[in-house]
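Engineer: Got a predicted structure plus its sequence, pasted below:
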Amino acid sequence: MDKMIAAENSTMEDRLKERLAQLREEFTGGQTQLVQAEARVRELRETLLRISGAIQVLSEELGESKEE
């Protein structure tokens, strides 16, 4: 009977270790995705800032040409 309980505990421990390894792998993958997403957000912000600047310059140019 003690051997059966020990075997069950070993099996449970193996399952827990396997699940822990899976969770760690998922966590690492999630961290990688987060870093990539944050980099993409930075790139989009920079792009939008450049576009905004171009819009402002063109708007000012068109405003100046209307006054002339």
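Structural biologist: Everything's here; your move. Fair warning: this is a prediction, and the values are worked out from it, not measured in the lab. Numbering: from 1, shown residues only.
Engineer: List the residues that contact E46.
Structural biologist: Contact partners of E46, counting by C-beta atoms under 8 Å, 6 or more residues apart in numbering, are absent. Bear in mind the C-beta positions are built from the backbone N, C-alpha and C, glycine included.
Engineer: Secondary structure element for it, which one?
Structural biologist: Following DSSP states H and E, the helix or strand that holds E46 is helix 2-67.
Engineer: and the residue nearest the centre of the chain, what pLDDT?
Structural biologist: For the chain, the residue whose C-alpha lies nearest the mean C-alpha position (C-alpha atoms, centre = their mean) is L34; its distance is 1.9 Å. At L34 the predicted local confidence, pLDDT, stands at 98.
Engineer: Equivalent analysis for R15, please.
Structural biologist: According to the predicted model, the pLDDT of R15 comes to 95.
Engineer: same thing with M4?
Structural biologist: 67.
Engineer: Also N9?
Structural biologist: As summarised for this prediction, N9 has a pLDDT of 77.
Engineer: Share the number of residues neighbouring it, please.
Structural biologist: Neighbour count of N9, defined by other C-beta atoms under 10 Å: 10.
Engineer: I'd like to know how far it sits from E18.
Structural biologist: With distances defined as C-beta to C-beta, to the nearest Å, the gap from N9 to E18 amounts to 15 Å.
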